[in-house]
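Asks: Could you look at this predicted model? Sequence included:
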Amino acid sequence: MASAIKGFSMFSRYGRGFGIVGPILGEDSPLNVPNSLFGILFYFLQFVLGQRHTVNAVWSLIIMSVLSLIGCVYLAYILTFVLHDACVVCVTTYIVNILLFIVNVLKLNVVKSIAVKKSK
């Protein structure tokens with residue numbers, strides 16, 4: 001396995017805006033930022049909303065997790081079939097996002113059961 005430098009560095013087409021923001025909205029778009037900034041925002045929101053124990057907050061976590069998994073599938077495809085590369089950091093991130101999704105679904109079940117008990 002190699003590193004993410006070849007395919008997803010901020011200087012690569014796929015390292016900014018997932019390689020799709022620039023062609024659609026323009027290279028100068030404020031959304032065409034390095035993918036790492038999207039990741040920082042995602043994990044920050046997961047942390048902040050993870051402190052909330054409401055059904056709405058957990059649904060937000062799950063929706064964000066699903067979006068991250070879609071992004072993981074897309075980036076894994078690009079890494080494997082377009083760039084013909086492998087990356088330990090990338091695969092680790094994919095695993096972390098899968099685990100976050102599982103934890104968020106489990107948390108939803110717990111929060112719902114607590115809400116049912118409180119309503120009785």
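Replies: It's in.

Asks: Which element, helix or strand, includes residue 73?
Replies: In this structure, residue 73 sits in helix 55-77 according to DSSP states H and E.

Asks: ah, wrong one, I meant residue 94
Replies: Element membership for residue 94, per DSSP H and E: helix 88-119.

Asks: which helices and strands sit right next to that helix?
Replies: Where contact means 3 or more C-beta pairs under 8 Å, 6 or more residues apart in numbering; DSSP states H and E, helix 88-119 is packed against helix 35-50, helix 55-77. Using the backbone N, CA and C atoms, a C-beta is placed for each residue, glycine as well.

Asks: residues of the helix holding residue 73 that come out buried?
Replies: The neighbour-count check on helix 55-77 (16 or more other C-beta atoms under 10 Å) flags 57-58, 60-62, 64-65, 68, 71-72, 75-76 as buried.

Asks: Neighbours of residue 117, how many?
Replies: 8 (other C-beta atoms under 10 Å).

Asks: and the closest residue to residue 107 other than its chain neighbours, how far is that from residue 49?
Replies: Excluding the flanking residues, the one nearest residue 107 by C-beta to C-beta, 6 or more residues apart in numbering is residue 58, at 5.3 Å. Distance of residue 58 to residue 49, given as C-beta to C-beta, to the nearest Å: 8 Å.

Asks: And residue 36, by the same measure?
Replies: Here residue 36 is placed at a distance of 20 Å from residue 49 (C-beta to C-beta).

Asks: For those two, indicate the residue with more neighbours.
Replies: With neighbours defined as other C-beta under 10 Å, residue 36 and residue 49 compare such that residue 49 has more, 17 against 14.

Asks: Was I right to think the more buried one contacts residue 63?
Replies: No - using C-beta atoms under 8 Å, residue 49 is not in contact with residue 63, being 10.4 Å away.
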